[in-house]
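Asks: Next comes the sequence, and after it the predicted model I'd like to discuss.
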Amino acid sequence: MSSQPPFQPTPEQRDICESDAPTLLVLGGAGTGKTVTAAAAARAHLLLRDGVAEPGTALERVLFLTFSRTAVSQILKRSKGILGDVVHRVDISTFHGLAWQLVRDFGRYNGHGRYPSLRGEAESKLFRADPAVLSYDDLLPEALKILTVPLIGTLTRRRWSLVICDEFQDTDDQQWMLLENLTEAANRLLLLGDPNQMIYDSFLGWKGVGPRRLTAAQARPGAQQIALPLGSHRDPTQLMPTIGEAARVRNFAHPAFAHAIRQGRLRIVPGVDSEPAADDVCQAMEASRRDGAHSFGIFVHGNEPTATLSAALTERGIDHVAVGLSESYGEALKAIIAMLRFASGRSEWDEVLVRLAVFYTSTVRSKQAPQLAFAIGTDRTQGLLERRLADLRTELSAATDLDAAVGIAAKSWTELDLRRGTRSWRRASAEVGRLITAAGGETSGLDAVQREVDGIRASSFTEADAGDKSPVQVMNLHQTKGREADAIIAVFRASDYFGKEQEPFASASRLLYVVLTRARQQVTLLLPTAPHPLVAPLALLVK
Ligand SMILES: Nc1ncnc2c1ncn2[C@@H]1O[C@H](COP(=O)(O)OP(=O)(O)OP(=O)(O)O)[C@@H](O)[C@H]1O
């Protein structure tokens, strides 16, 4: 049921592939094929340039900028054959990932050290900021500064002859400046957008995005625009896009709702008041699985509820990835390395405690670091946890070699029994084990492994959830753009906050549109007894 039809471009999609406009703005609704068509356009662009290149010149490359790297790489993988043999000439990155790459490559010419480091959010919550260490928010301004250094700017612009930006409607001012900067010379710019999916505008206080971004693109010299006609390829029955659109314009009397409910393609489950609603999510997954679904997007509003639901699903044995919580992977790597350094006598126990506290904080995702993290970081834990930490210290001190220390570190997190972040820890220990083996298992190789780990950790802050291929993805409602799955399960809670908007919820309804249009087959909405007015009309549909 979930197999993908081969990509046969429609006439409009073909126009996009054949265009050589310096700026091409592609507008189209959910599932109209903007992302896959951009991949086809990238291939066409590269083949055309190869055909006219002087012999001996370097092969041109394309940059695909996006809000979520995995969303795009998954789509491209699913649409096998689109990029074909040019796949290695297309760099996919998030805006922050690109900025970080620029800081790493060229930061030393602009006041940064040879190995610049990046402070994660968790670290900022626990410690006073060290101004020498960059934070996530510093990355884009820093990259823009670096690009003003003449030779670096020129070199960088030469790297990519076509820059593609997905979800263009949501780019903020700095991202737009970066795009303009990268395409200042002869480079082409391909912008993909859907104004109805603009979810980062005013309602939760985000700034800097809006329709004016589309106007700015249209004003670029030689800019052209192609609109993809209505019609989702994601759901060729058009039922999901139809209810998505009806929800966006608050037309809950639209007959498509009743039709989708009758067909079992829209399931509305009222009275889900438990938090996290893990059991209800498991039941919904089971039901969708029986209907043939293989991949799942599980959405919930807010980072903390996402992390809590993810932890509860882990307890129930549901293998999944919590999208956007990749920072915890990077912090797990760093904590494991701290353990290895302690075991080999290269650092103090305090360093292990601090890194464990940072890791724990990275798995919680609240505005402030949890009290327990402060307690771990300063060794003021008591009772069972104190004893477990003391046991870990003794075990690591007694480790006979690095391999033994890796083994102890790998199981340490489960033994501390702090319940969160188990998946990240497991992945990180496997990665450190691999790196240590590659370095010959020698203590002398630890510094090199640590440098490598620092690099991976920093990327984990910027390349949201890179590399994870789980068919079950749990995410915050605001990370749903560009994603698709056979079945979507969206959990709404009575306490969800959608800003000060009231009916007709001009902004928040766009979020609802995005949620409903992610599904290839089926959407389940879990609603509390007293739902937020944004989704209350949906509960009435099954009264
Ligand atoms: N011409 C086509 N033939 C077959 N499948 C297609 C075609 N165009 C798009 N698709 C498929 O439709 C789905 C949606 O495409 P894509 O993700 O590119 O749409 P989109 O416009 O970027 O969506 P959204 O804005 O909702 O994220 C993908 O699974 C893609 O492979």
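Replies: Perfect, thanks for sending it. Numbering: from 1, shown residues only.
Asks: Would you mind naming what in the chain lies close to the ligand?
Replies: Within the chain, the positions adjacent to the ligand are 4-5, 7-10, 13, 28, 30-36, 75, 78-79, 194, 233-234, 482, 484, 517 by Cβ under 6 Å from any ligand atom. Backbone N, C-alpha and C define where each C-beta goes, glycine included.
Asks: Just the ones of those in helices?
Replies: 13, 34, 35, 36, 75, 78 (DSSP state H).
Asks: Which other helices and strands does the helix-or-strand element of the chain with minimal mean pLDDT contact?
Replies: Every helix and strand of the chain was ranked by mean pLDDT, DSSP states H and E. The lowest is helix 69-78, at a mean of 70. Judged by 3 or more Cβ pairs under 8 Å, 6 or more residues apart in numbering; DSSP states H and E, helix 69-78 is in contact with helix 34-52, strand 90-94.
Asks: contacting residues for the residue lying closest to residue 276 once chain neighbours are set aside?
Replies: In space, and not counting its chain neighbours, residue 276 is closest to residue 309: 4.0 Å by Cβ to Cβ, 6 or more residues apart in numbering. Taking Cβ atoms under 8 Å, 6 or more residues apart in numbering as the criterion, residue 309 is in contact with 276, 277, 278, 281, 298, 300, 474, 491.
Asks: Would you check which pair of those residues lies furthest apart?
Replies: Largest separation among the contacts of residue 309 by Cβ to Cβ: 277 and 474, giving 11.9 Å.
Asks: Now the element after whichever strand or helix holds residue 283, going C-ward?
Replies: Using DSSP states H and E, residue 283 sits in helix 278-290. The helix or strand immediately downstream of helix 278-290 is strand 296-300, counting by DSSP H and E.
Asks: The next helix or strand after that next one: which residues count as buried?
Replies: Later in the chain than strand 296-300, the nearest helix or strand by DSSP H and E is helix 303-315. Buried residues in helix 303-315, defined by neighbour count with 16 or more other Cβ atoms under 10 Å: 303, 305, 306, 307, 308, 309, 310, 311, 312, 313, 314.
Asks: C-alpha coordinates for helix 303-315, CSV please?
Replies: In CSV, the C-alpha atoms belonging to helix 303-315 read as follows (Å, rounded to 0.1, in the frame of the first residue of the first chain):
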residue,chain,number,x,y,z
ASN,A,303,9.2,20.0,22.7
GLU,A,304,8.7,18.8,26.2
PRO,A,305,5.5,16.8,25.4
THR,A,306,7.4,15.4,22.4
ALA,A,307,10.2,14.2,24.7
THR,A,308,7.8,12.8,27.3
LEU,A,309,5.8,10.9,24.7
SER,A,310,9.0,9.6,23.2
ALA,A,311,10.2,8.3,26.6
ALA,A,312,6.8,6.7,27.2
LEU,A,313,6.9,5.0,23.8
THR,A,314,10.4,3.7,24.5
GLU,A,315,9.1,2.2,27.8
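Asks: what pLDDT, on average, does that helix get?
Replies: Throughout helix 303-315, pLDDT has a mean value of 79.
Asks: Likewise for stretch 181-198?
Replies: 86.
Asks: before we move on, what about stretch 20-38?
Replies: 94.
Asks: Give me the distance between the two termini of that stretch.
Replies: In terms of Cα to Cα, to the nearest Å, the two terminal residues of stretch 20-38 are separated by 13 Å.
Asks: coming back round to it: now which of the residues of the chain next to the ligand would you call buried?
Replies: 7, 9, 13, 28, 30-36, 75, 79, 194, 233-234, 482, 484, 517.
Asks: Now residue 153. Nearest residue, chain neighbours left out?
Replies: Closest to residue 153 by Cβ to Cβ, 6+ apart is residue 147, at 4.6 Å.
Asks: next one: residue 274
Replies: residue 280 (7.1 Å).
Asks: What of residue 224?
Replies: residue 21 (4.0 Å).
Asks: Show me what stretch 55-68 is in contact with.
Replies: Residues contacting stretch 55-68 (Cβ under 8 Å, 6+ apart): 38-39, 42, 45-46, 49-50, 53, 72, 89-95, 98, 159-167, 170, 179, 182, 323, 464-465, 479, 481-483.
Asks: Now a ChimeraX select for only the buried ones of these.
Replies: Selection of the buried residues among the contacts of stretch 55-68 in ChimeraX, burial being defined by 16+ other Cβ under 10 Å:
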select :38,39,42,45,46,49,72,89,90,91,92,93,94,95,98,159,160,161,162,163,164,165,166,167,170,179,182,323,464,465,479,481,482,483
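Asks: so what's residue 84 up against?
Replies: Here residue 84 is in contact with residue 43 (Cβ under 8 Å, 6+ apart).
Asks: ok, it to the ligand distance?
Replies: 15 Å (Cβ to the nearest ligand atom, to the nearest Å).
Asks: Residue 340 too?
Replies: Counting by Cβ to the nearest ligand atom - residue 340 and the ligand are separated by 42 Å.
Asks: how close does the closest residue to residue 135 other than its chain neighbours sit to the ligand?
Replies: Spatially, and ignoring its direct neighbours in sequence, residue 135 is nearest to residue 119 (4.9 Å; Cβ to Cβ, 6+ apart). Distance of residue 119 to the ligand, given as Cβ to the nearest ligand atom: 32 Å.
Asks: Tell me if I'm right that residue 143 and residue 106 touch.
Replies: No. Between residue 143 and residue 106 there is no contact under Cβ atoms under 8 Å: 9.1 Å.
Asks: Neighbours of residue 158, how many?
Replies: 14 (other Cβ atoms under 10 Å).
Asks: contacting residues for it?
Replies: Taking Cβ under 8 Å, 6+ apart, one finds residue 185 in contact with residue 158.
Asks: sorry, back to before: which one of the helices and strands packed on helix 69-78 has the lowest average pLDDT?
Replies: Looking at the helices and strands packed on helix 69-78, the weakest mean confidence is strand 90-94, a mean of 87.
Asks: what's the angle between that one and helix 69-78?
Replies: If you take axes from the mean of the first three to the mean of the last three Cα atoms, to 10 degrees, strand 90-94 sits at 150 degrees to helix 69-78.
Asks: Can you name the next helix or strand after strand 90-94?
Replies: helix 95-106.
Asks: who does that following helix touch, helix- and strand-wise?
Replies: Short answer (3+ Cβ pairs under 8 Å, 6+ apart): helix 95-106 packs on strand 62-66, helix 139-147, helix 150-159, helix 173-182, helix 446-462.
Asks: So for that helix, what gets flagged as buried?
Replies: 95, 96, 97, 98, 99, 100, 101, 102, 103, 104, 106.
Asks: for stretch 404-414, same thing?
Replies: Result for stretch 404-414 [16+ other Cβ under 10 Å]: buried residues 405, 406, 408, 409, 410, 412, 413.
Asks: and which of those is nearest the ligand?
Replies: Nearest to the ligand out of those is residue 413 (Cβ to the nearest ligand atom; 35.4 Å).
Asks: Let me know the pLDDT of residue 107.
Replies: pLDDT, read off for residue 107, is 76.
Asks: Quick check: it touching residue 143?
Replies: No. Applying Cβ under 8 Å as the test, residue 107 and residue 143 come out as separate, 9.1 Å apart.
Asks: Settle it for me: which of those two has more neighbours?
Replies: residue 143 (25 against 21).
Asks: could you list every residue that touches the more buried one?
Replies: 98, 99, 100, 102, 103, 178 are the contacts of residue 143 under Cβ under 8 Å, 6+ apart.
Asks: what's the burial count for the nearest residue to residue 472 once chain neighbours are set aside?
Replies: Distances taken as Cβ to Cβ, 6+ apart put residue 320 closest to residue 472, at 3.7 Å, once the chain neighbours are dropped. For residue 320, the neighbour count with other Cβ under 10 Å is 19.
Asks: Run the chain-centre distance for the least confident helix or strand of the chain.
Replies: 11 Å (Cα atoms, centre = their mean, to the nearest Å).
Asks: now that helix and helix 95-106, what's the angle there?
Replies: Using the same axes, to 10 degrees: helix 69-78 against helix 95-106 is 100 degrees.
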